Every structure is written in C-alpha cells, then in structure tokens.
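Student: sequence and predicted model, in that order:
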Amino acid sequence: MAEAKAYYITTPIYYVNDKPHIGHAYTTLACDVISRFMRLDGRNVMFMTGTDEHGQKVEKSAQADGTDPQAFCDRVSQNFRDLSPLLNFSNDGFIRTTEDRHTTACQAIWKGMADGGDIYLDSYAGWYSVRDEAYYAEDELEDGPNGEKLSPFGAPVEWVEEPSYFFRLSQWQDRLLAYYESDANRILPLSRRNEVISFVKSGLRDLSISRTSFKWGVPVPGDDDHIMYVWVDALTNYLTAVGYPDTDAESFKTFWPADVHMVGKDILRFHAVYWPAFLMSAGLEPPKRIFAHGWWTVEGKKMSKSLGNFIPPDEIVEKYGLDQARYFLMRELPFGNDGNFSHQAVVNRMNSELANDFGNLAQRVLSMVNKNCEAAVPHPGDLTIDDAGLLRGAREVLEKMRAAIDEQLIHQALAALWAVVGDANRYVDAQAPWALKKTDPERMATVLYVLAEVIRHLAILAQPVVPDGAGRMLDQLAVAEDQRSFAALTDDRMLRPGTALPKPQGVFPRYAGPEEADA
Ligand code: ME8
C-alpha cells in the first residue's frame with residue numbers, strides 16, 4: 001500500500017498569561033476538525049498546539065502574580081492543555097517554549113539566519129507594545145482617549161532604546177512577493193492575502209529581534225546579554241515540534257514544510273511576512289499555507305478583560321453539550337469572517353440543525369426500522385429514481401467537502417453535508433414509510449434501507465465536527481469501528497441487510513432552557 005500522504009497543521013501557541021476563552025478554543029477546534037477530516041481521509045496527520053511562555057508580557061504577569069516565571073508558566077500552560085480533553089481535541093502533541101528542545105531549535109535557526117548574512121548588531125530606538133509584543137512605527141500609532149499613544153490594537157506602547165540585533169527584513173521584499181505569487185492560495189482568505197501583499201509592496205524595514213532590558217527568553221547564541229525577540233522564539237515552535245534542528249529526523253522529513261499554519265487575523269503579519277523570511281534566510285522551506293480566521297465578539301461586544309465578558313469554553317460545553325458547542329463554533333461563521341457569539345444563536349443552531357434536522361432524521365428512521373423491520377437492517381427491493389437520487393447525493397458530498405476543507409472552508413463543508421440532511425428529510429416526508437407499512441411493506445423496507453444507508457454516510461462524514469454524536473449514530477447502525485473512515489463510503493461497504501441493530505436512542509437533544517423560551 002502506498003504510504004499515506006503527510007499533513008502538518010498547527011495552531012498558534014497561546015500566551016500563558018490568560019485563561020482560555022472561546023477565541024482560543026476556536027483556532028484549535030478548526031485545526032481539530034480539519035485534522036480529523038484528513039485522518040478519516042487517509043492522511044498521516046500531525047496536529048500541534050502549545051503555549052508561548054517567554055517575553056516581557058509573561059515576565060510581567062508572573063511578577064504581578066508574585067510567582068517566578070517558570071512556576072507561573074507551569075501552572076497556566078496546564079489551562080491550555082486541559083482544553084483538549086474538554087473539547088475533544090485530537091492534537092498529536094503539545095509544545096511549550098520553555099522546553100530544552102525548543103531552546104536548541106531557536107538557537108539553530110538564529111545561527112542559520114546569521115550564516116545567511118541577515119543578522120547585524122545595532123541599537124533600537126522606537127515604540128514597543130508589551131501587550132502585543134510588537135514594534136510599531138510612529139505613523140502606525142493611534143491617539144488614545146487621554147492623548148496617549150496606542151498600538152493599532154488599542155494596547156499601550158512605550159518608547160524603547162537599547163542595543164539590539166536586527167534581521168535584514170528589508171532585503172526580503174522581492175523573495176516574499178515571489179513566495180506569495182507562487183501559489184494563489186498561499187494566504188487565505190484572499191482578502192488577507194491582498195492585505196499582506198500590499199504591506200510588503202509598501203516596503204519593509206529591518207526588524208529588531210533581540211532585547212537586553214529583561215531576561216525571560218532564549219539567549220542569543222554567543223551573546224548572553226541579549227535574549228531573542230519573543231516572536232522569533234514563538235514561531236520556531238513549528239519547527240521544534242517536528243525535530244528541528246535535526247533535519248534528517250523522520251518527523252522533519254515527513255512533515256516540513258507545514259501544510260497549514262492556522263492563525264487569527266491579528267497575528268497574520270508575523271506568520272505571513274516575518275516567518276517565511278526567517279525560514280528562507282535559514283535555508284528552510286516556508287509553509288505551504290497560512291490561513292487567518294476572524295474574531296468573535298460576544299453579544300455584539302469585543303471580548304475584553306475590562307468588560308469581563310470572556311466566554312470560557314467549559315461554560316458552553318456544560319450548558320449546551322460538547323458536540324453542540326463544536327458544531328455551533330464551526331457552523332455559525334463563514335470561516336475567515338468575524339462574527340458574533342450569542343446564546344440565542346447557539347440554541348437556534350443546536351435545536352434546528354442538530355436536534356430537528358439531523359438527530360430527528362436518525363431517530364425517526366431507526367425507530368421505524370426497530371419496530372417494523374425486526375430491529376435489523378431492512379432488505380431493499382428495486383430502487384426508484386428518487387432512491388437512487390438521494391443515495392447519489394450522499395455519495396457525492398465527500399468530494400464537495402474535500403474541496404472545501406482543502407481551502408479550510410469548514411462552514412462550506414458542513415453546509416454541503418447538511419444539504420443532504422435536508423434532502424433526506426424531504427425524502428422521508430415524500431415517501432411516508434409509516435403509510436407504506438400497511439399498503440406496501442416491501443417498499444417501506446426499501447425506503448428505510450435507503451435512509452439508513454444515507455445516515456451511515458452522514459454520520460461518517462459528520463465525525464470530524466461532532467465525533468461523539470456521529471460515533472453513537474454509527475453504533476446504532478452497527479457499523480464496526482474499522483469501517484468508519486471515508487474509505488468505507490463505497491458501494492461494497494453498504495449496510496448489510498439482516499444485520500441486527502441495537503435499540504435506537506436520541507443523539508442530539510434539544511436545548512429547552514431559558515434562552516429558548518425567550519426566542
Ligand atoms: O497571539 N476571536 O497568542 P494569543 C477569535 N502567542 N480568535 C481569537 C480571539 C477572538 N476573540 N481572541 C484571540 C498569540 N484569538 C501568540 C501566538 S504563534 C507562533 C504565537 C486568537 O494567546 C488569536 O487570533 O494572544 C490567536 O490566533 C490565538 O487566539 C492566540 O492568541
């Protein structure tokens with residue numbers, strides 16, 4: 001058998017100074033759904049996430065907490081690790097930038113860039129925002145309400161003057177533009193690609209990449225007075241995770257360059273401009289794709305500490321259920337756009353699309369099979385045009401989902417799947433198997449067989465987003481564990497008539513709490 005094609009997808013590594021909120025969960029969930037899809041589609045997947053633990057912001061947070069930075073990071077990093085069991089993330093690893101292997105990787109890429117002739121020592125005088133961990137030019141700043149200067153993201157900035165190593169970013173303009181041009185989908189969505197290209201075309205300044213005024217970071221090789229700028233350190237995690245600097249390591253050869261770096265729109269410039277330039281300078285291949293998703297607001301407002309409106313992921317899992325939370329986050333927004341989280345919107349999606357449309361379809365069909373077909377997969381007779389049409393629709397959806405997932409358009413993949421859910425519901429209503437029971441039991445068996453087979457397709461394809469519920473549906477169809485990948489979506493693996501089926505149970509309950517009453 002040919003070796004499975006590798007697929008490496010990463011989340012940003014999260015700053016350890018915050019408790020996770022739905023914005024963090026969102027990026028990782030998107031990567032989880034894509035990873036599960038790719039594994040079910042036969043790919044050899046590596047899905048990484050982790051925590052970004054160095055820099056002035058973390059040092060200050062640890063000080064404010066009265067803890068030493070390492071103990072602070074150990075504690076807070078765990079909050080992010082705990083997201084995986086909570087949200088059923090299938091990440092293959094979790095990296096912390098305070099690990100020794102990561103220091104080794106950072107120092108190796110630094111030497112690579114230095115050998116490439118791209119690093120020089122000078123001094124930096126300019127604006128820096130600790131909250132954004134970013135340098136800004138005067139003309140990028142905005143005026144705050146009290147006349148103070150703020151970063152474009154509204155964060156305080158301070159004037160910094162200190163010796164610093166610089167990366168010759170100014171020399172990389174043409175090579176970066178060629179990199180973007182070499183694949184029309186290099187940066188997605190396309191509106192973000194255009195933003196990056198116009199930023200690079202407007203001219204690039206050399207980038208300060210070391211600091212001397214604090215210590216919490218990776219030392220610059222050969223100059224202990226300097227620590228690396230936290231973004232050089234943080235971005236390198238993607239390489240550390242696959243074994244760099246051992247470029248002969250099996251994991252490096254298999255997974256580098258990464259297929260997708262998934263990021264939020266706020267950190268696109270670091271990933272799409274600085275990172276490919278660092279990599280190319282050190283003689284390494286840049287990533288194949290960078291996708292920038294949008295931001296969630298909550299009930300119409302920006303999530304912020306001062307408003308106290310951060311939504312912790314455990315709250316929505318507890319209130320609505322795990323699959324329901326996953327489905328809502330992936331279905332509500334066209335992936336890439338900004339959007340708003342509201343409790344009412346979660347209730348609407350889970351009640352109409354999961355409970356009514358998908359859950360009820362399975363429950364109705366399986367109950368009829370249980371009662372009228374001796375609790376076994378029915379024996380179908382000849383198929384009508386309608387039967388064949390519905391089955392064809394179910395078979396064709398994988399191709400549509402593949403095309404969507406290839407461009408990280410998760411909402412589109414789900415829309416394609418739910419279009420078949422809608423067709424199946426219309427078919428049940430039109431065929432009325434409950435009426436056929438008396439008039440034509442053989443035809444009833446055919447209709448129920450077609451529906452059960454369509455539900456098998458739907459459940460297999462829904463696994464990436466609602467793994468629990470889809471798994472339980474497949475249990476109720478007696479589909480063996482090793483028959484649940486996309487390779488099983490073929491005619492020769494159709495449900496076998498006569499197979500005994502367990503008693504069906506509802507899979508996606510309705511939410512009947514106060515928000516529904518408000519609707
Ligand atoms: O940026 N909606 O970490 P981070 C959607 N350590 N996404 C949101 C969001 C919201 N309201 N708020 C945050 C960092 N995010 C760096 C990354 S990678 C080498 C280093 C997303 O914890 C945000 O867009 O501040 C980003 O992609 C991710 O959460 C991590 O943010």
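Tutor: Great, that's in hand. Numbering: from 1, shown residues only.
Student: what residues does the stretch 51-200 of the chain have near the ligand?
Tutor: Asp52 (C-beta under 6 Å from any ligand atom). For glycine as for every other residue, the C-beta is placed from the backbone atoms N, C-alpha and C.
Student: what segments of the stretch 51-200 of the chain are helices?
Tutor: Ranges of helices within the stretch 51-200 of the chain are 56-65, 69-81, 83-87, 100-115, 173-181, 190-201, based on DSSP state H, counting those that start in this stretch.
Student: packing partners for the fifth one?
Tutor: It stands for helix 173-181. helix 190-201, helix 275-281 (3 or more C-beta pairs under 8 Å, 6 or more residues apart in numbering; DSSP states H and E).
Student: who touches the last one?
Tutor: Judged by C-beta atoms under 8 Å, 6 or more residues apart in numbering, the contacts made with helix 275-281 from elsewhere in the structure are 109, 112-113, 116, 118, 167, 169, 172, 175-176, 179, 232, 235, 257, 261, 285-287.
Student: ok, back up a step: mean neighbour count for the helices of the stretch 51-200 of the chain - can I get that in JSON lines?
Tutor: As requested, the helices of the stretch 51-200 of the chain are exported to JSON lines (neighbours: other C-beta atoms under 10 Å):
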{"stretch": "helix 56-65", "mean neighbour count": "18"}
{"stretch": "helix 69-81", "mean neighbour count": "18"}
{"stretch": "helix 83-87", "mean neighbour count": "16"}
{"stretch": "helix 100-115", "mean neighbour count": "19"}
{"stretch": "helix 173-181", "mean neighbour count": "15"}
{"stretch": "helix 190-201", "mean neighbour count": "16"}
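Student: closest to Leu451 out of those?
Tutor: helix 83-87 (31.2 Å; C-beta to C-beta).
Student: which residues touch the residue in the chain positioned nearest to the ligand?
Tutor: Of the residues in the chain, the one nearest the ligand is Gly264, at a distance of 1.6 Å by C-beta to the nearest ligand atom. Residues near Gly264 by C-beta under 8 Å, 6+ apart: 12, 23, 27, 292-295.
Student: so where's the chain uncertain?
Tutor: Counting by pLDDT under 70, the chain has low-confidence residues at 1, 514-519.
Student: give me every residue in it lying close to the ligand.
Tutor: 12-15, 23-24, 26-27, 52, 234-235, 237, 263-264, 266-267, 295-296, 303.
Student: report the buried members of these.
Tutor: Buried members of these, counted by 16 or more other C-beta atoms under 10 Å: 12-15, 23-24, 26-27, 52, 234-235, 237, 263-264, 267, 296, 303.
Student: what are the boundaries of the helices in the stretch 401-519 of the chain?
Tutor: 410-431, 433-439, 441-462, 467-476, 514-518.
Student: go through those and pick out the most buried.
Tutor: Using mean count of other C-beta atoms under 10 Å, the stretch among those with the largest mean neighbour count is helix 441-462, at a mean of 23.
Student: list the helices and strands it packs on?
Tutor: Using 3+ C-beta pairs under 8 Å, 6+ apart, helix 441-462 is in contact with helix 360-372, helix 385-406, helix 410-431, helix 433-439, helix 467-476.
Student: could I get these in CSV, plus columns for distance to Gln63?
Tutor: Listed next are the helices and strands packed on helix 441-462 as CSV, based on distance: least, C-beta to C-beta, whole Å:
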stretch, distance to Gln63
helix 360-372, 54
helix 385-406, 44
helix 410-431, 40
helix 433-439, 68
helix 467-476, 41
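Student: correct me if wrong: Asp92 contacts Phe47.
Tutor: Yes. Assessed by C-beta atoms under 8 Å, Asp92 is found in contact with Phe47 at 5.1 Å.
Student: and the helices and strands packed on helix 173-181: which comes nearest Ala4?
Tutor: Closest among the helices and strands packed on helix 173-181, using C-beta to C-beta: helix 275-281, at 25.3 Å.
Student: contact partners of the helix or strand just after that closest one?
Tutor: Once the chain leaves helix 275-281, the next helix or strand it forms, by DSSP states H and E, is strand 290-293. Under the criterion C-beta under 8 Å, 6+ apart, residues 26-27, 30, 186-189, 192, 260-265, 268, 271-272, 335-336, 408 lie in contact with strand 290-293.
Student: and for stretch 467-475?
Tutor: Contacts for stretch 467-475 (C-beta under 8 Å, 6+ apart): 36, 88, 322-323, 354, 359, 362, 455-456, 458-460, 462-463, 484, 502, 505, 507-508.
Student: now do 6 Å
Tutor: 88, 323, 362, 459, 462-463, 484, 507-508 (C-beta atoms under 6 Å, 6 or more residues apart in numbering).
Student: and the two most separated of those?
Tutor: Maximum pairwise distance among the contacts of stretch 467-475 (C-beta to C-beta): 20.1 Å, between Asn88 and Ala362.
Student: quick one: which of these two has more around it?
Tutor: Comparing Asn88 with Ala362 by other C-beta atoms under 10 Å, the one with more neighbours is Ala362, at 27 against 18.
Student: next up, the contacts around that one.
Tutor: By C-beta under 6 Å, 6+ apart, the contact list for Ala362 reads 455, 473.
Student: again, 10 Å this time
Tutor: Ala362 makes contacts with 421, 424, 451-452, 455, 458-459, 469-470, 472-473, 476-477, 504-508, as judged by C-beta atoms under 10 Å, 6 or more residues apart in numbering.
Student: in a helix, Tyr8, correct?
Tutor: No. Under DSSP: H, G, I helix; E, B strand; the rest coil, Tyr8 sits outside any helix and is assigned strand.
Student: now Ser443. Nearest residue, chain neighbours left out?
Tutor: To be clear, residue 443 is Arg; Ser isn't right here. Distances taken as C-beta to C-beta, 6 or more residues apart in numbering put Leu436 closest to Arg443, at 5.1 Å, once the chain neighbours are dropped.
Student: what's the neighbour count on Phe167?
Tutor: 25.
Student: show me what contacts it?
Tutor: Phe167 is in contact with 110, 113-114, 116, 118-120, 206-210, 229, 232, 274, 277-278, 281, counting by C-beta under 10 Å, 6+ apart.
Student: reformat the helices of the stretch 51-200 of the chain as JSON lines; add distance to Ala404.
Tutor: Converted to JSON lines, the helices of the stretch 51-200 of the chain look like this (distance: least, C-beta to C-beta, whole Å):
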{"stretch": "helix 56-65", "distance to Ala404": "36"}
{"stretch": "helix 69-81", "distance to Ala404": "28"}
{"stretch": "helix 83-87", "distance to Ala404": "22"}
{"stretch": "helix 100-115", "distance to Ala404": "34"}
{"stretch": "helix 173-181", "distance to Ala404": "23"}
{"stretch": "helix 190-201", "distance to Ala404": "15"}
